[in-house]
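> how would this look folded up:
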Amino acid sequence: MSVPNYLLSVFSNKCPRCRKGKLYRTNNPYNYKLVYDMHEHCPVCDLKLELEPGFWYGTGYMSYGLSVAFSLFNLGWFYLIFGLSWEGNSLFYYLVANTIILITCMPLIMRLSRSAYLSIFVKYDKNAASAAH
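As a prediction, the model looks like this:
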């Protein structure tokens, strides 16, 4: 049996221990009433997802890092397509475009930061899914 891909499980918001169970109750991050609605335990391996009280506060740092990386990515493609200069307001247009893109992608970045942060502390266990049931 092959090991499920680590990055694929992080990007698809799967449990880091079994890499099969969904972390969120809904797949739609743009349902703003349910954007933070996670299972208390993994539905497949029964891992408690909030490892300790206040565990998710650390995802603020992860979310900040992802936002900076995403902004640098946006800067790269914006520069390649439009160029940047102080004259002509192109820097201003980049800042406006980047702000709109970041606000639009925040639910995705938030979910990705939680998934990545949890996977730092919980390692894959090939027997996790079969041991719970």
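> so what secondary structure elements neighbour the lengthiest helix in the chain?
The helix that spans the most residues within the chain, counting by DSSP state H, is helix 90-121. Helices and strands touching helix 90-121, as assessed by 3 or more C-beta pairs under 8 Å, 6 or more residues apart in numbering; DSSP states H and E, comprise helix 6-11, helix 59-82. Any C-beta I mention is one placed from the backbone N, CA and C, and that applies to glycine too.
> buried set for that helix?
94, 98, 105, 107-119 (16 or more other C-beta atoms under 10 Å).
> And for stretch 78-89?
So for stretch 78-89, counting by 16+ other C-beta under 10 Å, buried means residue 78.
> who touches that stretch?
75, 90, 91, 93, 94, 97, 98 (C-beta atoms under 8 Å, 6 or more residues apart in numbering).
> How about the third one, nearest residue that isn't a chain neighbour?
Spatially, and ignoring its direct neighbours in sequence, residue 91 is nearest to residue 84 (5.6 Å; C-beta to C-beta, 6 or more residues apart in numbering).
> can you confirm the one you found is in a strand?
No. Counting by DSSP: H, G, I helix; E, B strand; the rest coil, residue 84 falls outside a strand, being coil.
> if we can go back for a sec, pLDDT added to the contacts of stretch 78-89, as TSV?
Below are those laid out as TSV (pLDDT from 0 to 100):
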residue	pLDDT
75	92
90	83
91	85
93	88
94	90
97	92
98	95
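> okay if I get these as JSON lines plus distance to residue 44?
JSON lines is the format used below for these (distance: C-beta to C-beta, whole Å):
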{"residue": "75", "distance to residue 44": "39"}
{"residue": "90", "distance to residue 44": "49"}
{"residue": "91", "distance to residue 44": "48"}
{"residue": "93", "distance to residue 44": "46"}
{"residue": "94", "distance to residue 44": "43"}
{"residue": "97", "distance to residue 44": "40"}
{"residue": "98", "distance to residue 44": "38"}
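> Among these, which one lies nearest to residue 50?
Closest to residue 50 out of those is residue 98 (32.1 Å), distances taken as C-beta to C-beta.
> Spatially, what comes nearest to that closest one if we skip its sequence neighbours?
Per C-beta to C-beta, 6+ apart, closest to residue 98 is residue 74, 4.8 Å.
> All good on my end, thank you.
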